[in-house]
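1. please work out how this folds:
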Amino acid sequence: MGLFTVQFHELETLIASCPNINSKSEKSSLYSTLLQLQEHSTTDPSLLQSLADSSHVLLSSMANDISDEDEEIAAQALKCMGFMIYHPSIVTGIFGDDADMVLSSLQKVILSTRTKSVCNLGVWCISVQQLNPSFLNTHIDSLVRAIVHALDNPTGSLSTTFEAMQAVMKLVTQLSEKMRETSHLWTPPIYRRLVSTDKREKDMSERCLLKIKSTICPPLTPLSKAVIVDVKRKLLSEMDELLKKGMKIQAMQAWGWFTCLIGPYAIKNRHLINQLLKIPEQTFSDSDPQVKIASQIAWEALIDALIILPTQQYTTNEEINGFLEANRVTKSIKLIMTPLIGIMSSKCDSSVHLSCLNTWNYLLHKLDTFVNHPSIIKTVLHPMLETVFRVGPGNRNIWSWNFCLDLINSHAGEPRDHRYAVKWTPWNLDRFDFFIKTVHVFISHGEVAYDSALKLFRSALKGVQLCLKSSGVSFSDIMSCIETIITCLKTIFEGQIGQTFLELIEIVTEELQPSILGSPLYKLNIDDKNMVSPVAYLVVLYFHEVVKLTSDSVGQLRGCCNNNPFANTLGAQKLSSFVSLLLVSYDPYDILDTIIFSLYKYTTPNCLNFWIIIANCVKDYLNGNKIEPEDTWYLIISRFLSYPFAVFLSISQKKLDVEQILEPWIEVYKSFECCESLFPVFDRFLEEYSKVDQKTHGHEFLSLCGDAMTCVLEHISKPSHPCQINNDVGDDKRFRCTKASLECAARFLSVSYVEAKANPEILDTTSRVFSTLIRVVESFNFDEITIPFIEIMSIPLLQWLSDHETQHENTNYQFHNLWITTLKYLQTRSPPINFNSTFLKLQSNLLEATLNHPNSSISNPTITFWNSTYGAQINLDYPQNLLPVLDKLFRNGKINLGKKGYSKTNSDITPPQKQKVTTTLNRCVKRVELVKDHEKGLGYKRKRLELTEHQKEVRRAQQGRSRDCEGRGPGVRTYTSVDFSQGTEDESQESQDLRNTEAILEMLKRDGKMFKD
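-> All right, here's what the predicted structure looks like:
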């Protein structure tokens, strides 16, 4: 056992005998020693336990001694009692009788003592006690009476008042309901001090009221009546005195508390309320911002007093309107709102405006769900928002602006952190018009409010989307929303707000679901003729604005021009993100179709920048998504790929970054390989290009065309391409596709030949075209293309053959390879070609230029080709233009002129006998056999042999009795209808020769020039 514990037990014995101790000093000394031991017990568990075990003995002595006339004994005993009923380890051992004894003694000493210190300590004991509330409950009346006595402060001690208020706060926490029921007894002594000129006394009272406000407010009727009596009798006049003394803030603070404590009972005392309202009438217009703020804080008390909502639920607007009118709530709201609107409309400090908005927000909070009623919105919400937003987000108004912006966004469902939450009901479409109207107000303030407009517009559309998810929304409601959005955007578009307008459109596509914007049901009239989906309308508006943003900027086109205000990194990224979102979220065909429509509508210089960005988006989409090729897709992709060439004439810049255009162009083309639709585009472009002044248009466009064409030709030459697969497409389509590609290539080579004189840089592209044509020729696998190839390519080949000045090594190399490949193809084609007079005539111009070409890499292969083809034929009809060249080469011993014929290199060969020329080409050519038959006489007859079906078809075509393989009518003779098969059957040749002979003889016979009857 510790020393202190031993000492305590000795002391306990002495205290127990206190009634027998007559010496006052001895008693005082014992309590003083006990108080010291109590302090030590906080660190000595054994001593603390001893105190708890002896609580009955100690409390019994203390209960007697606290009423001792000796102030020192009473004070020491109260201090020791306070410790006993405070410490948790001791108070748990204090039961009913001891608790009753303690509470009774405390109540008695507070009411009876005339000593200030003893009264203070008695009230202090009540404020610190931790007794069980059930013990307190039985003594609540006596305790309240004692506390009210202390609050009235008969001794004039401010400390006594302070301790009494502390006791009130303690009992409120322990016996809230009981204290509320008796609040009319103990509250008046507290609130009366609010008009005290002693600041300490006033502040003390206000702090106490703040602590217990939740218990006493809303006040019970007895308390309200007590306040009304006090206000009428004294408090109203004392507030007037405070105003006269310049203590306006204190006056308004007291006014707020009195109004709050009158509470709902004020409705029955409107005359008194009207008298009370004269106080804030003087302060709301005061020039001191602090007075204005105090007035607005106090104004919340009037809100509490006048806004009384029903406990029952109303389901219809009619029922709510009936309640509001019957209870004068609408009039009360108008009364509350009037000074608030006045303050927000005046030029006050930002802090005053913000305080006013907090009071307004408190009103919205107090209105609970009634805040969503149309009449409340019209009376409370809209006027304040319009007042704030009308001013704009200037430096003085920025806090108010942001406050209202956050609140209205919360109205649309956005989260908001505020002390007083507003109970908005879920969004409904009736609110949308107001939000759109507010967006227009924001836009009218210029750039400073654009971010706010975007934020509010997004919040509103989120609310709209929530509503549109409901199956109960009608078709007309949906159309109304869509039309409201489009009308809003069109109006804003006319205001020329630049990139913000694009962001508004992006918000629409991000917040509203594709099932709404992309639906074929919700059509909008975009012009007098066309009805389009909402998303298509948005795309058109978007690109219209994009064009407007860049219409005044003219510069070099290098992907995104450096001097283009829109085509910066952010602008390009935004356009790319927008297009990518549309392609993924909506029908890509419709989106691309609309984009193409917009592009072709605005063929301005900068539009090619946009095409590059869009092409990359299309490329990425096609790479990541499988599209089933259809004719409609082929057509639309062709239109898209045609755009860079379609805008050629509107582009005046000489510099063009071909790579930025070509890379996505090729990728998009590879996805569909729509070659047939592109050849007319290339052809038109080359035709236009050949007409323009190259001083204003550089060679880059021609280079782009050549590289694009190379891409197309590369795919045509692949074995997997439809033009090379006989089973996938018809002969007619295959022939048409290949012929069109050759025609485009030929025109390009002709145009580039001219261009190279001024811009040798084009030769890089030309060499690639030559190289690709080599692979195209190598890929030919059907005989119908042979003659068209010679016909089409002769002109460009002759042009390049005539050029002896080109120093571009790769171009020369590829051109020579193309010529050699062509000769090789003609020699090795299957079925083989019949190198007769007609085919020689077709090739004559090319052979004239190549047989004696100064470049041996051209002439030597051509001479070899001649000797193995035409040089092996008998009795050819040599075209006039070839005779000089053939004569020279023959005399130089380089070529042969007939199988087994005379040549400078083989003079020992016997001259050939007259023989038939195995050809079916020229019906009017002189036949060797005809001359031979004429010498023998007319009686010579040749036996006709039966023809094969193929030979009959050829004959019918030649006679004009059927259509040829290209569908040409009777009597039309073309090279494509000629049969080049080298049949070895003499019967076929003889039959043809005989028919030709008989036809000529018959003609002469009719003319009477050779025979007579």
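2. residue 360: how many residues sit nearby?
-> Neighbours of residue 360 under the rule other CB atoms under 10 Å: 27. Any C-beta I mention is one placed from the backbone N, CA and C, and that applies to glycine too.
3. mind listing what's buried along the helix or strand hosting it?
-> Assigned by DSSP states H and E, residue 360 belongs to helix 350-366. Within helix 350-366, the residues scored as buried using 16 or more other CB atoms under 10 Å are 352-366.
4. likewise stretch 25-33?
-> So, applying 16+ other CB under 10 Å, buried residues of stretch 25-33: 27-28, 30-31, 33.
5. same question, stretch 266-285
-> Using 16+ other CB under 10 Å as the test for burial, stretch 266-285 gives 266-267, 269, 272-273, 276, 279-280, 283-284.
6. give the closest residue to residue 245 in space, chain neighbours not counted.
-> Distance criterion CB to CB, 6 or more residues apart in numbering; nearest residue to residue 245, sequence neighbours excluded, is residue 197 at 7.9 Å.
7. show the residue spans covered by the strands in the protein.
-> For the chain, strands defined by DSSP state E occupy the ranges 524-525, 531-532.
8. of the ones you listed, which stretch is the most buried?
-> Among these, strand 531-532 has the highest mean neighbour count (mean count of other CB atoms under 10 Å), at a mean of 16.
9. picking up where we left off before, now the strands of the chain as TSV including distance to residue 621?
-> Putting those into TSV (distance: least, CB to CB, whole Å) gives the following:
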stretch	distance to residue 621
strand 524-525	25
strand 531-532	21
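10. now tabulate the ones you listed in a markdown table and tack on mean pLDDT and distance to residue 630.
-> Putting these into a markdown table (pLDDT from 0 to 100; distance: least, CB to CB, whole Å) gives the following:
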| stretch | mean pLDDT | distance to residue 630 |
| --- | --- | --- |
| strand 524-525 | 91 | 27 |
| strand 531-532 | 92 | 21 |
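11. which among those is found nearest to residue 331?
-> strand 524-525 (45.6 Å; CB to CB).
12. the closest one - contacts with which helices or strands?
-> helix 475-494, strand 531-532 (3 or more CB pairs under 8 Å, 6 or more residues apart in numbering; DSSP states H and E).
13. these into JSON lines, with extra columns for distance to residue 897?
-> As requested, these are arranged in JSON lines below (distance: least, CB to CB, whole Å):
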{"stretch": "helix 475-494", "distance to residue 897": "79"}
{"stretch": "strand 531-532", "distance to residue 897": "72"}
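14. nearest to residue 547, of those?
-> helix 475-494 (12.0 Å).
15. and that closest one, what does it pack against?
-> helix 432-444, helix 450-468, helix 499-511, helix 514-517, strand 524-525, helix 534-550.
16. reformat those into CSV and put distance to residue 86 next to each item.
-> Below are those laid out as CSV (distance: least, CB to CB, whole Å):
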stretch, distance to residue 86
helix 432-444, 59
helix 450-468, 55
helix 499-511, 61
helix 514-517, 68
strand 524-525, 78
helix 534-550, 73
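17. so which of the ones you listed is the most surrounded?
-> Taking mean count of other CB under 10 Å, helix 534-550 is the most buried of the helices and strands packed on helix 475-494, at a mean of 23.
18. and it with helix 475-494, angle?
-> 0 degrees (axes from the mean of the first three to the mean of the last three CA atoms, to 10 degrees).
19. what average pLDDT does helix 534-550 get?
-> The average pLDDT within helix 534-550 is 89.
20. buried residues in stretch 257-264, which are they?
-> Buried residues in stretch 257-264, defined by neighbour count with 16+ other CB under 10 Å: 257-263.
21. can you list contacts of that stretch?
-> Here stretch 257-264 makes contact (CB atoms under 8 Å, 6 or more residues apart in numbering) with 187, 191, 194, 206, 209, 213, 216-219, 223-224, 227-228, 230-231, 235, 266, 269, 272-273, 276, 298, 301-302, 304-305, 308.
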